[in-house]
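Undergrad: one predicted model, sequence on top.
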Amino acid sequence: MTKTESCLLAVANNVKALAPEAKRLLLAVSGGADSVALFRSLLDSNYVFEVAHLDHALRETSIRDFEYVKQLCIEHDVAFHSERIDVAAIAEKNKWNLEDAARRLRYSFLTKVAKQIEADVIATAHNQDDQAETVMMQLLRGAAFLKGMPARQKQVIRPLLNCSRAEIESYLAGLGQEYVTDETNFDTNYRRAWLRHEVFGMLEQYYPSVKEKLVQLADIQAAQAKHFDNHLLVDEASIDIESLLKLDVAEQRHRIVQMVARANLQPSFEHIESIRLSLKTKTPKRISLAKEKQARLAYGQLDIIEKKRKANLKKSIPISDLGSLEKELKIANSRLNRFWTEVDSASLLEFPNLVLRTRSAGDRVQLEVGTKKLSDIFIDKKILKEERDEVILIASEKEVLWVEGVCVDKRVRNTVVGSLENTDHTFMQLALEQAQQAAKLGELPVGAVLVHNGEVIAKAHNLTEQLQDPSAHAEVLVMREGAKLLQDWRLSEATLYVTLEPCVMCFGAMLQAHLPKLVFGASNHLEGAHGGVTNLQEHAWKRQIEVKEGILAKEAQSLLKDFFKSRR
């Protein structure tokens, strides 16, 4: 058996090794040699697969590729899925790099089709040459590790990574199998094409095995990264700088890499080294990592934080009720993660002349141990000087009642905390407040809050009448807001609290969002999907939602009764 034969005949075994649980596959087939070889190599395997083809609309001949892949699937009786997307227009609108836009949209399309057909994995045809090009691009970009593409990345597998492009073309020639060639592969205005034809073309004159060496480097770097991950796993939100300085240089770098990666950033070597070389700095320092995030070295700790948004307050803003408070806090760009669980809003509104403002001379806060100057509290809490004027607070004259992310006056502190049951009641009470706002608007009084890591990150209530939108249920709206804040559609670490048992539509949205837990109040005997009408939890979905019901059910039911009574 030749090397080419062994490489391509091993594809099914590679799939099994990468995804032992997989039975149904979705193949990404462009029509080029690589993807057609993947298609042909799996035809005689035991796997059931379907094909997805995305037309990027970047060239006139793309319709030829679509017709070719469609005909290939018809010839071999394989289900075919396709879509045409104007990638260039979307890239321009979002100010994305064209190649990056094509990659994002391609994987979005593949993920969508995989869900539709319930595929276990998505198989792409990236090969050894692609891997070498990726490593070279990582090198030129200054990546922390030159790991290339992993053979498996969540739902995506790459079973051809051990096969070179020459081996693939030889395999297809032996089958007499034709394929199409994307002419942009030769357009050196694209980075990959430039690397492939100019950079590698030149390097291979002197180093014929340069691609194989780069692939070996990727394997070595991936193994080293995995070793460090296993021995230096960073779970904490911040790192003690003194302990970091005791490590050797390689360990320092890797712990910083892990911390940056945990913030969903792509760490470059320049960023990592800039942070590492600043560890001995005595004065607080910030290092920009991305548009919205930065590394902060201060008070002996290293953190990755969001860049502070300047408070949108030019003067003191009067607060008359809960609605105006919520509105003004949002306008001020305040991060409200803790406000709704820290403060008893009823007690707060009893104070006269409430205002939303930033600090001023003489501000004091009443704590458990007595009254204390806000300036002293800032020092105790290690709030940096340059950040103190940006902190939002709520005050009644010179009495400060709440300081964003710092402290709460003991007279307005929410005391219903501690046990899990009380926490559920606390969050459901916030959902009830949202339901009351819905009732005032003439909406069905349903409210919801989304909690992430013990903090409220989003609140919403029904707006179907206001927006004339049948999907504007409290649950859907709160998940949209939460996903936008987290910059991730997967709400896999969140809990949704809602006053009324969700309907079938909202249940489906929760499944799609990977929501792990739902807590609701009153049962919904007209449209409930969790036992009210039917129990969709009993079906064999890919994931299950933990459900807790009956929290403040009487209060939620009372709101609904009053609402319907007023409409009779």
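TA: Looks like it came in fine.
Undergrad: which residues does the most centrally placed residue in the chain contact?
TA: For the chain, the residue nearest the mean C-alpha position is Asp488 (2.5 Å; C-alpha atoms, centre = their mean). Listed by C-beta atoms under 8 Å, 6 or more residues apart in numbering, the contact partners of Asp488 are Asn264. (Glycine included, C-beta is placed from N, CA and C.)
Undergrad: quick check, pLDDT for Arg335.
TA: Arg335 is assigned 52 on the pLDDT scale.
Undergrad: swap that for Leu232, sorry
TA: With respect to pLDDT, Leu232 has a value of 66.
Undergrad: next: Lys3.
TA: For Lys3, pLDDT reads 52.
Undergrad: hmm, back to that, check the gap between the residue nearest to the centre of the chain and Met479 for me.
TA: 11 Å (C-beta to C-beta, to the nearest Å).
Undergrad: how far does stretch 230-249 sit from its chain's centre?
TA: Relative to the centre of its chain, stretch 230-249 is centred 25 Å away, using C-alpha atoms, centre = their mean, to the nearest Å.
Undergrad: contacts for that stretch?
TA: 251-252, 254-256, 258-259, 262, 276, 279-280, 297, 300-303.
Undergrad: 10 Å instead?
TA: Contact with stretch 230-249 is made by 250-263, 273, 275-276, 278-281, 296-305, 453, as judged by C-beta atoms under 10 Å, 6 or more residues apart in numbering.
Undergrad: ok, the nearest residue to Arg196 once chain neighbours are set aside - how many residues close by?
TA: Computed as C-beta to C-beta, 6 or more residues apart in numbering, the closest residue to Arg196 that is not its neighbour in sequence is Glu133, at 6.2 Å. By the measure other C-beta atoms under 10 Å, the count of residues near Glu133 is 23.
Undergrad: ok, the one 5 residues further on next?
TA: Counted with other C-beta under 10 Å, the burial measure for Gln138 works out to 23 neighbours.
Undergrad: what residues are up against it?
TA: 144-149, 214, 217-218, 221, 266, 268-269.
Undergrad: buried stuff in stretch 14-22?
TA: Across stretch 14-22, burial judged by 16 or more other C-beta atoms under 10 Å covers Asn14, Val15, Leu18, Ala19, Ala22.
Undergrad: roughly how far apart are the fourth one and Arg158?
TA: Right, the one you point to is Ala19. 11 Å.
Undergrad: between the two, which contacts overlap?
TA: With C-beta under 10 Å, 6+ apart, Ala19 and Arg158 have common neighbours Ile122, Ala123, Arg152.
Undergrad: what segments of the stretch 351-500 of the chain are strands?
TA: 354-357, 364-367, 370-373, 393-396, 399-403, 407-408, 447-452, 455-461, 494-500 (DSSP state E, counting those that start in this stretch).
Undergrad: just list whatever residues bridge to Lys517.
TA: Here Lys517 shows beta-bridge partners Thr495, Glu546, assigned using DSSP bridges.
Undergrad: just checking, it touches His452?
TA: No. Proximity of Lys517 to His452 does not meet the contact threshold set by C-beta atoms under 10 Å, at 11.2 Å.
Undergrad: what sits in contact with each of those two?
TA: Common contact partners of Lys517 and His452 (C-beta under 10 Å, 6+ apart): Leu491, Glu493, Ala494, Thr495.
Undergrad: if any of these are buried, put those into a PyMOL selection.
TA: A single PyMOL command selects the buried members of these (16+ other C-beta under 10 Å):
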select buried, resi 491+494+495
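Undergrad: which one of the shared contacts of Lys517 and His452 is nearest Glu118?
TA: Leu491 (21.2 Å; C-beta to C-beta).
Undergrad: gap between the closest one and Thr111?
TA: Leu491 is 16 Å from Thr111, by C-beta to C-beta.
Undergrad: same thing with Asp344?
TA: 43 Å.
Undergrad: same check on Phe145?
TA: Relative to Thr111, Phe145 is positioned 25 Å away (C-beta to C-beta).
Undergrad: which SSE is Phe507 in?
TA: Secondary structure assigned from DSSP states H and E places Phe507 in helix 504-512.
Undergrad: follow-up on the earlier one: list only buried entries from the contacts of stretch 230-249.
TA: Buried residues within these, counting neighbours by 16+ other C-beta under 10 Å: 252-261, 263, 273, 275-276, 279, 296-298, 301-305.
Undergrad: and Ala89, which helix or strand is it part of?
TA: helix 87-94.
Undergrad: quick one: buried residues of that helix?
TA: Quick answer for helix 87-94 (16+ other C-beta under 10 Å): Val87, Ile90, Ala91.
Undergrad: what of stretch 152-159?
TA: Gln155, Val156, Ile157, Arg158, Pro159.
Undergrad: need the contact list for the third one.
TA: Neighbouring residues of Ile157 by C-beta under 10 Å, 6+ apart: 14-15, 17-19, 22, 25, 120-124, 126, 150-151.
Undergrad: which one of these is nearest to Glu387?
TA: Pro150 (38.6 Å).
Undergrad: can I assume the closest one sits in a strand?
TA: No. According to DSSP: H, G, I helix; E, B strand; the rest coil, Pro150 belongs to no strand; its state is coil.
Undergrad: look at the nearest residue to it once chain neighbours are set aside and tell me its secondary structure.
TA: Take Pro150 and drop its neighbours on the chain: the residue closest to it by C-beta to C-beta, 6+ apart is Ala222, 7.1 Å away. The three-state assignment at Ala222 reads helix, by three-state DSSP.
Undergrad: and Ala222, what does it touch?
TA: Counted by C-beta under 10 Å, 6+ apart, Ala222 has contacts Phe145, Leu146, Lys147, Gly148, Met149, Pro150, Ala151.
Undergrad: so among these, where is pLDDT lowest?
TA: Minimum pLDDT across the contacts of Ala222 falls on Phe145, with 80.
Undergrad: using the three-state scheme, assign that one.
TA: coil.
Undergrad: was I right about it contacting Ala250?
TA: No. Contact between Phe145 and Ala250 fails when scored by C-beta under 10 Å: they sit 11.5 Å apart.
Undergrad: where do the contact lists of these two overlap?
TA: Common neighbours of Phe145 and Ala250 (C-beta under 10 Å, 6+ apart) are Gln224, Phe228.
Undergrad: give me the neighbour count for Val249.
TA: Count around Val249 with other C-beta under 10 Å applied: 9.
Undergrad: could you give the number of residues near the closest residue to Val11 other than its chain neighbours?
TA: In space, not counting the residues next to it along the chain, Val11 is nearest to Ser41; the distance is 4.1 Å by C-beta to C-beta, 6+ apart. Residues within reach of Ser41, counting by other C-beta under 10 Å, total 25.
Undergrad: show me the shaky parts of the stretch 1-150 of the chain.
TA: The stretch 1-150 of the chain contains residues with pLDDT under 70 at 1-6.
Undergrad: how about the chain?
TA: 1-6, 232-237, 291, 307-314, 322, 329-341, 369, 386, 415-422, 568.
Undergrad: give me that answer again for 50
TA: 1, 417-421 (pLDDT under 50).
Undergrad: how close does the residue nearest to the centre of the chain sit to Gly521?
TA: Counting by C-beta to C-beta, the gap from Asp488 to Gly521 is 27 Å.
Undergrad: Arg413 too?
TA: 25 Å.
Undergrad: and these two? Which one has more around it.
TA: More neighbours surround Gly521 than the other of Arg413 and Gly521, with 27 against 18 (other C-beta under 10 Å).
Undergrad: just the element for the more buried one, please.
TA: Per DSSP H and E: strand 517-522 holds Gly521.
Undergrad: which elements pack onto that strand?
TA: helix 420-440, strand 447-452, strand 494-500, helix 504-512, strand 546-549, helix 553-567 (3 or more C-beta pairs under 10 Å, 6 or more residues apart in numbering; DSSP states H and E).
Undergrad: can you list the ones you listed in a markdown table and add distance to Ser62?
TA: Below are those laid out as a markdown table (distance: least, C-beta to C-beta, whole Å):
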| stretch | distance to Ser62 |
| --- | --- |
| helix 420-440 | 48 |
| strand 447-452 | 41 |
| strand 494-500 | 40 |
| helix 504-512 | 30 |
| strand 546-549 | 45 |
| helix 553-567 | 53 |
